[in-house]
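Asks: no sequence on this one, just coordinates:
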DNA sequence: CCCGCGAGTGTACGGTCGTACGCTTCCTGG
DNA sequence: CCAGGAAGCGTACGACCGTACACTCGCGGG
């Protein structure tokens, strides 16, 4: 694991290449050889740096969730009141769903693995916990939970829909779910 | 395609076996050989009944969406008023997320394919259109769209969460998003 | 200066894959 | 009763896979 006497960013390049490949061809398309070619490292490095292909996938997705969680932090940390928080959530949804298809595809691949393998669920749990923590700064826990689920659904539907809904509808949904019965 | 002179449910058995296999091992785990063994048909039947592995996957997922859409119909067709519709949605979410992991896993696999390949998006479009049509019997189009996304997010989060939320929270979220600002 | 050792690599092996294709088998029309 | 052809199957081929492991190479200590 520690860099020996020669070693630039081999490990990092391998992980980046892995994510690129998954984004393009999906988990079924990954192989040591394709990744090695793309990262421009010898095939032998694969088993040297990673215990096996599963190990590699886990590391790659850990890296990916770090990236996504950072994105959540960027959007959800700054808001100072409820309305700013609502707007930030709407922005986040639209960034996630209309930015590069890459993040969407990788997210789905991760969820697919998480649905079947507990080891990957750790990653999604950490992610959900982090986003809920942000939301709970502005909303009560139950509301944060509902909102978190809504973000997920809106992002996915927007990304897959033939005619994606506009930001106004996103904001309306967010506002509705964060408006508690009591008072404004 | 037409059944020749001998042919019980070969095609159907192959499709069922394919879905079982995907549910257990994921799309990366499917192969003509494994499916053939599981469906108890000779290997040669694979290429005879289906043009290739992609063709087979598409057929299998078409079959699966038929099943899921039927489930949506079962829950969303009967309700006669808004409140019954809300309760039906809550039931649907909980059925989808706590019933067999199978449907969840298959849904994720389909979304993953749909995120990358337009051919599979046809299936998700049809599904979304159908569920929205049901919801629009009770709610205006914009609300139906938001609710549809909420269903998606609640189902996924409930299925992946370490401690799934209870039905009351689901119902609260549904109620909030279907309560338009105007009047009750 | 030389030796040893560990980081990093090339290669080869055993296995699985998708699919083409020639063969069997059995219905049908005469 | 026979010929023909279509439905369906077994097998084999070429490609690709993951991984083990013997090897190289270059630095650091003596």
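Replies: Ah, there it is. Here the structure is a predicted model, which is why all the values come from computation and not from measurement.

Asks: hey, which helix is longest across chain A?
Replies: Counting residues, the longest helix in chain A under DSSP state H turns out to be helix A:53-76.

Asks: Give me the distance from that one to the chain's centre.
Replies: A distance of 6 Å separates the centroid of the chain from that of helix A:53-76, by Cα atoms, centre = their mean, to the nearest Å.

Asks: So for that helix, mean pLDDT?
Replies: The average pLDDT within helix A:53-76 is 96.

Asks: Next SSE downstream of that helix?
Replies: helix A:82-98 (DSSP states H and E).

Asks: Need the contact partners of that next one.
Replies: A:71-72, A:75-76, A:78-79, A:103-104, A:135, A:137-139, A:147, A:151, A:154-156, A:158-159, A:164, A:167, A:170-171, A:174-175, A:178 (Cβ atoms under 8 Å, 6 or more residues apart in numbering or on different chains). From N, CA and C alone the C-beta is placed, and that goes for glycine too.

Asks: Please apply the same query to stretch A:21-32.
Replies: Applying Cβ under 8 Å, 6+ apart, the set of residues contacting stretch A:21-32 is A:18, A:34-35, A:38, A:43, A:46-47, A:53, A:57, A:60, A:101-102, A:105-106, A:109, A:112-113, B:26-28, B:112-113, B:116.

Asks: ok, and of those residues, which contact DNA strand C?
Replies: Applying Cβ under 7 Å from any atom of the strand to the contacts of stretch A:21-32, one finds that A:43, A:47 fall near DNA strand C.

Asks: Please, a PyMOL command that selects the buried ones among the contacts of stretch A:21-32?
Replies: Those of the contacts of stretch A:21-32 that count as buried under 16 or more other Cβ atoms under 10 Å in any protein chain shown are selected in PyMOL with:
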select buried, (chain A and resi 18+35+38+46+53+57+60+105+106+109+112+113) or (chain B and resi 26+27+112+113+116)
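
Asks: In helices, which of the contacts of stretch A:21-32 fall?
Replies: Mapping the contacts of stretch A:21-32 onto helices (DSSP H) picks out A:18, A:34-35, A:38, A:43, A:46-47, A:53, A:57, A:60, A:101-102, A:105-106, A:109, A:112-113, B:112-113, B:116.

Asks: one step back: any of the contacts of helix A:82-98 buried? List them.
Replies: Burial by neighbour count, 16+ other Cβ under 10 Å: within those this picks out A:71-72, A:75-76, A:79, A:103-104, A:135, A:138-139, A:147, A:151, A:154-156, A:158-159, A:164, A:170-171, A:174-175, A:178.

Asks: For the most centrally placed residue in chain A, give its distance to residue A:9.
Replies: Note on chain A: the residue nearest the mean C-alpha position is residue A:68, at 4.1 Å, using Cα atoms, centre = their mean. Taking Cβ to Cβ, to the nearest Å as the measure, residue A:68 falls 21 Å from residue A:9.

Asks: Which segments of chain A make up each domain?
Replies: A:1-51, A:61-177 (automatic domain parsing).

Asks: pLDDT value on residue A:180, please?
Replies: For residue A:180, the predicted pLDDT is 82.

Asks: contacting residues around the residue nearest to it when sequence neighbours are not counted?
Replies: Computed as Cβ to Cβ, 6 or more residues apart in numbering or on different chains, the closest residue to residue A:180 that is not its neighbour in sequence is residue A:143, at 6.7 Å. By Cβ under 8 Å, 6+ apart, residue A:143 lies in contact with A:135, A:177-178, A:180.
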